[in-house]
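Asks: Starting from these lines, generate the structure:
(3 chains)
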Amino acid sequence: MNPNYYIALAGILFTIGALGVLIRRNAIIVFMSVEMMLNAANLAFVAAARETGTLDGQVAAFFVMVVAAAEVVVGLAIIVTIFRSRRSASIDEPSLLKY
Amino acid sequence: MTAALIGLPLLGATLLLLGGRRTNTWGHFLAVAMSASSFFVGVALYIQMLGRSAEERAVGQHLFDWIAVGTFNVPFGLHLDQLSMCFVLLITGVGTLIHIYSIGYMEHDPNRRRFFAYLNLFVAAMLLLVLADNYLLLYVGWEGVGLASYLLISFWQHKPSAAVAGKKAFIVNRVGDVGLSLAVMLMFTTLGTVTFQGVADAAGQGPSLKITLIGFALLLAACGKSAQFPLQSWLLDAMEGPTPVSALIHAATMVTAGVYLIIRAHAIFDLSQDARTAVVVIGAITLLLGAFIGTAKDDIKKGLAGSTMSQIGYMILAAGLGPVGYVFAIFHLLTHGLFKAGLFLGAGSVMHGMHDDVNMRHYGALRTSMKITYATFGLGFLAIIGIPPFAGFWSKDEIISAAFGQNYLVGLATLIGAGVTAFYMTRMMAMTFFGESRWEDGVHPHESSTVMTAPMMILAVGSVFGGLLLKFVGDIEAWLEPVTGVAHPTHPISAAVLIPVTLLVVASGAGYAWTKYAQRPVPVVAPTDVSILTRAARADAYGDAINEAVFMRPGLHLTRALTWFDAKGIDGTIGGVSAAIGGLSARARRLQNGYTRSYALTMLGGAALIAFVLLLARL
Amino acid sequence: MSLTALMLLPLIGAVVVFALPAGRDLLAKQVALGFGLVVAVAAVVMGLGMDKSNGGLQYVEKYSWIPSFGISWGLGVDGISIVLIVMAAVMVPLVFIAGWNDVENAGRGTVKGFFSLMLLLEVFMIGVFAATDLFLFYVFFEAMLIPIYFLIGRFGGPQRAYAAMKFLLYSLVGGLFMLAALIGLYVVSARELGAGTFDYTALTQLHIDPATQKMLFLGFFFAFAVKAPMVPFHTWLPDAAAESTPGTATLLVGVLDKVGTFGMIHYLLPIFPDASKYFAPAIITLAVISIFYGALLAIGQSDMMRLVAFSSVSHFGFIVMGIFAFTSQGLSGSTLYMVNHGFSTGALFLVVGYLSSRRGSKNIADFGGVQKVAPIMAGVFLLAGLSSLALPGMSSFVSEFLVLVGTFSEYPQAANIATVGIVLAAFYILWMYQRTMTGEPSQEVSSTVNEISKRELVAIVPIIAIIIAFGLFPQGLLNIINPTTKQVQSTVQVVDPAPAVQGLASTEGSGS
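Replies: Predicted coordinates:
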């Protein structure tokens, strides 16, 4: 199969994820969108690895998965804490870290 | 020995200033003793000097190297020659008399000790001025007397007018000092030396333009110190000081320093006709201006101050005549020192008796109640208007004669000056001692104490015999010849004609004043319906008004504008730059709005930009 | 006695004073004064021990510091730097005595902090004059800012924070340009010598091409002109002087600012001779402007501290003018001027401090008639003022006249114009005296201003004695300074212009 299709799919997924991060206010959705962007990158890595016939891309994909898992743990913990204190998961609410 | 002349009064001043209140009771005696011992040292040196032949009379004393940088080498050296000797005796002699007089005059002043300290300081500085052997050391004495003059004019500092007058004297003198500075700098760069001897030796080889410039610069210096036009305005205000100060500093000694400077630098003036002409013109203007101002003053001290200006104008004019005039300038300087000091002390005595009133319109008929003052003042009066055989006649007549030898216009100026002098002095005499009494209520004139009248009597004797002694016994012309050079004056008008003419002019001036002020009653309040000339003379010929309009007011405006410019312009620019940076930062800070989404968008934008640039680069 | 030891002494003093327990104010003052006096004596002894036949560096010591960049801990003094070090060391204990009680009621710092910072400042002052390694000089040049920043910012008047920050920023900007030029100089030396160096003697022997010289010269000159300060980089000085305590102002204007003019004569002229000659006419013009600008603004001030600060701007104009005239009189006169100005301005600042601590105001208008209630105070004030207006017989006259005569032989117009400046100097000093000291005292003045105290006299009398002594015997200092200025002249390759008349002996020889 033409690897370009995989790359294009990865691009589409990444764009959807990026739009989700920018547009949605619910922290959980934003979070899921970030995951989607990461997975889009993974897809591109694997496709490229397949194309070149080396293992580098696959190794990178594993790294991303591990980092994503760690990030989920920390990120969800923060979201839960914020939700507890504010009764809301909107990311526009906690805009205290500003000028 | 020469150094002791300066050292003694300097020691006196130091002791009195540092000693504080402990010396209050005997301080004035110490000051008198120091001044008198300096005088005796001077007399001893004079006798020594007489014992030597004319060529060997000048002695130098190198004390130490003062400043030496590269080729600029100035010794701290003293030089006592016939010219300096004249001044030494005048300064210490008249100075001591005035010290004694001041014991009485300042008897009730709480700061009498300080007064005597300043007087001693003045004597020391003036002696340094006339004994220095180079122009830079002369400068030290020159400003030293300026400082003493400043301190003494503003001695009664609680009076704002006195404080202002002192400051004015110092600053106007500083304008003159600029001339002295420039002269010394020019001497060094042109002639390579600043000692009197070195300058005199090298001047002949200097470029004539530079020599003329040095002459002009020295003239500026002389104008400042000797209150010559256009720097004359400070002298009238200087009368704010105690009267002994006016007598010593602003009549007999300090104000004649300009004459000394010109004659000391005669090597320069001998070479430059232009510089000499300038000196004569300045002298002529001032002698007429001073006399003119003297005619309208009701303040007895200011009248005498105008007279001083005028008489120094005579000396400066004589000095500008070149070798024919130098001797007569010094001759007149010495006789003037005697009779003018006497006149001022007389005026002080009158003021003392009249409760410090200086307005002559409140005087009158004092000849009966103040007999000694009347007699001594009268003798001084005869001396100044030039009646033979009193002191002033001998010296002034020589100047008039020499002036006619130079130029008829100059001669005419001196002749008119003599007439006006007779007028204002007779007016002063008449208003003070003759006519009916116009005393204020509660004023009971009385003669001053002996400690004050004794110096007046000695000076009166000097006014009578000073001229005769100097001319015939001291033979001043031969005495000064080694210093000033030989001259063969030309007399286009013989003495047999000139002396009667001069006396006639003097008599008519005096007679006019007598009819106007002695035979007619003098109004107690100065009349206001007077001619424009009188008004100008009362306003010191508008000297202050001109200074005010040309220098002071534009200067203050400039200062104010610059202060504004400094705060708004320079500091404002720098403040503006920092404010702009601060403002920009405040704007930029707004980008940190706390919304995660906007940060994410910025990140995306940045990433997209980088990707775009990379793509572009690959293509 | 080595220079390192001379720097260690006040450093130990600073540490000891700072380590004293809080509340022991009197002990802190006494210890600080003790160290100050020891340093002063040591510095004077070193000054007397100078070899007057040698214009080069003496008391040289050199230890490798950062060898890979050719940086060393190099100290040494020549005739110019030693007189400035001695002046600084003598001023410090006098400032301590004069400011004995100034700190308790000023700002928010502690007494021991003040004296400790002062001693620390002294360390850097000695270092900046004694450094023979340009990098070390730069380090001290910048390090000086730290104690001064705190001295102004913690112990000053109501606007102290503004003044301290302004001072710091101006100095840092100047220092930044200098750093850039310093790196440039290092690169040039590396290119020319093979290995880069910051050593003073090595750098003076470089032959830098004129275009590079001009660039590097401007970098250094800007830093020194800000420090000196020259118009138009002067506006930090009046603020800093007016807001700090009189003691700080004395050291700031009297000693620290001399680093600028010292840098010009010690670094700019020998290292960049061609550029110095190229820029000299422009700098002399700027100096003449400074003389008049400073004097006119001094006339316009209503605050005594600011007035003295502006008079210093005028005086610094004279110093810079003398330096860039390149004549021996100008160079020696300027060096002497730096010393004399330290003393005379110091005396003025201290007396103004005495007055303002009594009356609680530095405004001229708040005074008047002081002479009647405190005659000795007025006398001291007048003496300090007369020294500032360069009255003949005082040391400042000798230096001012040397500067003028030195400039006159090279730049007659500049000297002519500058001479008029002496009239303005008389005006601003005497007018201030007239407005503060003469007249009848007001109720406030007679109730607050009392006579000068014994302690205050102890601080001011030595300064005035020095001023008068060096007015009569300036040769003692000039003998130390002259060999070095001669050496500077030979490095720059200039000679004094000869007078038009070559002395009688030579003209007779040529037969004219």
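
Asks: State which helix of chain C is the longest.
Replies: Taking DSSP state H as the assignment, the helix of chain C that covers the most residues is helix C:160-193.

Asks: which residue packs closest to the spatially most central residue of chain C, ignoring adjacent ones?
Replies: The residue lying closest to the centre of chain C (Cα atoms, centre = their mean) is C:Lys258, at 3.1 Å. Spatially, and ignoring its direct neighbours in sequence, C:Lys258 is nearest to C:Met338 (4.8 Å; Cβ to Cβ, 6 or more residues apart in numbering or on different chains). No exception for glycine: its C-beta is placed from N, CA and C like everyone else's.

Asks: quick one: the one you found and B:Gly258, what's the gap?
Replies: Here C:Met338 is placed at a distance of 35 Å from B:Gly258 (Cβ to Cβ, to the nearest Å).

Asks: Equivalent analysis for A:Glu51, please.
Replies: 107 Å.

Asks: quick one: which of those two has more around it?
Replies: Neighbour count, other Cβ atoms under 10 Å in any protein chain shown: between A:Glu51 and B:Gly258, B:Gly258 has more, with 29 against 14.

Asks: Find the residue ranges of chain A scoring beneath the pLDDT cut-off.
Replies: Where chain A drops to pLDDT under 70, the residues are A:1, A:99.

Asks: now do 90
Replies: A:1-5, A:21-28, A:30-31, A:50-56, A:78-79, A:81-99 (pLDDT under 90).

Asks: Please go through it and pick out the longest helix.
Replies: Counting by DSSP H, the longest helix found in chain A is helix A:56-86.

Asks: helices or strands up against that helix?
Replies: Other helices and strands packing on helix A:56-86, by 3 or more Cβ pairs under 8 Å, 6 or more residues apart in numbering or on different chains; DSSP states H and E, are helix A:27-52.

Asks: Flag every buried residue along the helix it packs on.
Replies: Residues A:27, A:30-31, A:33-49 are the ones in helix A:27-52 that count as buried (16 or more other Cβ atoms under 10 Å in any protein chain shown).

Asks: What about chain C: which of those residues touch it?
Replies: Applying Cβ under 8 Å from any Cβ of the partner chain, the subset of these adjacent to chain C is empty.

Asks: need the contact list for the residue in chain C positioned nearest to chain A.
Replies: Going by Cβ to the nearest Cβ, chain A is nearest to C:Met165 of chain C, at 22.3 Å. By Cβ atoms under 8 Å, 6 or more residues apart in numbering or on different chains, C:Met165 lies in contact with C:Gly153.

Asks: ditto for B:Leu129
Replies: Applying Cβ under 8 Å, 6+ apart, the residues near B:Leu129 are B:Leu138, B:Gly141, B:Trp142, B:Gly144, B:Val145, B:Ala257, B:Tyr260.

Asks: what do you get if the cut-off is 7 Å, keeping everything else the same?
Replies: Each residue near B:Leu129 by Cβ atoms under 7 Å, 6 or more residues apart in numbering or on different chains is listed here: B:Leu138, B:Gly141, B:Trp142, B:Val145, B:Ala257.

Asks: so C:Leu382 sits in a strand?
Replies: No - C:Leu382 is assigned helix when assessed by DSSP: H, G, I helix; E, B strand; the rest coil, not a strand.

Asks: Show the pLDDT at it.
Replies: Reported pLDDT at C:Leu382 in the predicted model: 92.

Asks: Going by distance to chain C, which of the contacts of B:Leu129 wins?
Replies: Using Cβ to the nearest Cβ, B:Trp142 comes nearest to chain C of the contacts of B:Leu129, at 7.3 Å.

Asks: Would you check how far apart the nearest residue to C:Phe137 once chain neighbours are set aside and C:Val39 are?
Replies: Of all residues not flanking C:Phe137 in the chain, C:Ala131 sits nearest, at 4.0 Å (Cβ to Cβ, 6+ apart). The gap separating C:Ala131 from C:Val39 is 17 Å, by Cβ to Cβ.

Asks: ranges for the helices of the stretch 151-300 of chain B?
Replies: Secondary structure of the stretch 151-300 of chain B (DSSP state H, counting those that start in this stretch): helices at B:160-191, B:196-202, B:208-225, B:233-237, B:243-247, B:257-264, B:266-271, B:273-294, B:300-320.

Asks: Now render those as TSV, adding distance to chain C and mean pLDDT.
Replies: Listed next are the helices of the stretch 151-300 of chain B as TSV, based on distance: least, Cβ to the nearest Cβ, whole Å; pLDDT from 0 to 100:
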stretch	distance to chain C	mean pLDDT
helix B:160-191	4	91
helix B:196-202	5	88
helix B:208-225	7	92
helix B:233-237	12	88
helix B:243-247	17	88
helix B:257-264	14	92
helix B:266-271	12	90
helix B:273-294	17	91
helix B:300-320	21	91
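
Asks: nearest to C:Asp78, of the ones you listed?
Replies: helix B:160-191 (26.7 Å; Cβ to Cβ).

Asks: Please work out which residue of the stretch 151-300 of chain C is closest to chain B.
Replies: Counting by Cβ to the nearest Cβ, the stretch 151-300 of chain C gets nearest to chain B through C:Gly300 (3.8 Å).

Asks: Enumerate every residue touching that residue.
Replies: The contact partners of C:Gly300, taken as Cβ under 7 Å, 6+ apart, are B:Thr559, B:Arg560, B:Leu562, B:Thr563.

Asks: tell me the contacts of the last one?
Replies: I take that to be B:Thr563. Contact analysis of B:Thr563 by Cβ under 7 Å, 6+ apart lists C:Leu297, C:Gly300.

Asks: Okay, it and chain A: tell me how far apart.
Replies: Distance of B:Thr563 to chain A, computed by Cβ to the nearest Cβ, to the nearest Å: 39 Å.

Asks: doesn't that residue fall inside a strand?
Replies: No - if the criterion is three-state DSSP, then B:Thr563 is helix and not within a strand.

Asks: Give the buried residues for the longest strand along chain B.
Replies: Determined from DSSP state E, the single longest strand within chain B is strand B:59-69. Residues of strand B:59-69 classed as buried: B:Val59, B:Asp65, B:Trp66, B:Ile67, B:Ala68, B:Val69 (neighbour count, 16+ other Cβ under 10 Å).

Asks: List just the nearest of these to B:Ile249.
Replies: B:Trp66 (26.0 Å).

Asks: Outside of the helix or strand that contains B:Ser38 itself, which residues are in contact with it?
Replies: Taking DSSP states H and E as the criterion, B:Ser38 maps to helix B:27-50. The contact list for helix B:27-50 (Cβ under 7 Å, 6+ apart) reads B:1-2, B:4-5, B:8-9, B:11-12, B:15-16, B:23, B:57, B:80, B:85, B:88-89, B:92-93, B:95-96, B:99-100, B:103, B:112-113, B:116-117, B:119-120, B:123.

Asks: Now restrict these to buried residues only.
Replies: Neighbour-count burial (16+ other Cβ under 10 Å) is assigned, among those, to B:2, B:5, B:8-9, B:11-12, B:15-16, B:23, B:57, B:80, B:85, B:88-89, B:92-93, B:95-96, B:99-100, B:103, B:112-113, B:116-117, B:119-120, B:123.

Asks: Please flag which of those residues sit within strands.
Replies: B:Leu80.

Asks: Near chain C, which residues of the stretch 451-600 of chain B are found?
Replies: Taking Cβ under 7 Å from any Cβ of the partner chain as the measure of proximity, the stretch 451-600 of chain B contacts chain C at B:Leu558, B:Thr559, B:Arg560, B:Leu562, B:Thr563, B:Asp566, B:Ile570, B:Asp571, B:Ile574.

Asks: And for the stretch 1-150 of chain B?
Replies: Residues of the stretch 1-150 of chain B found near chain C, taking Cβ under 7 Å from any Cβ as the criterion, are B:65-72, B:139-140, B:143-144, B:147.

Asks: Thought C:Ala465 was touching C:Phe343, still the case?
Replies: No - proximity of C:Phe343 to C:Ala465 does not meet the contact threshold set by Cβ atoms under 7 Å, at 9.9 Å.

Asks: Look at C:Asp78 and say how many residues are nearby.
Replies: That count, for C:Asp78 with other Cβ under 10 Å as the rule, works out to 26.

Asks: Help me confirm that it comes into contact with C:Val60.
Replies: No - C:Asp78 is beyond contact range of C:Val60, at 10.0 Å (criterion: Cβ under 7 Å).
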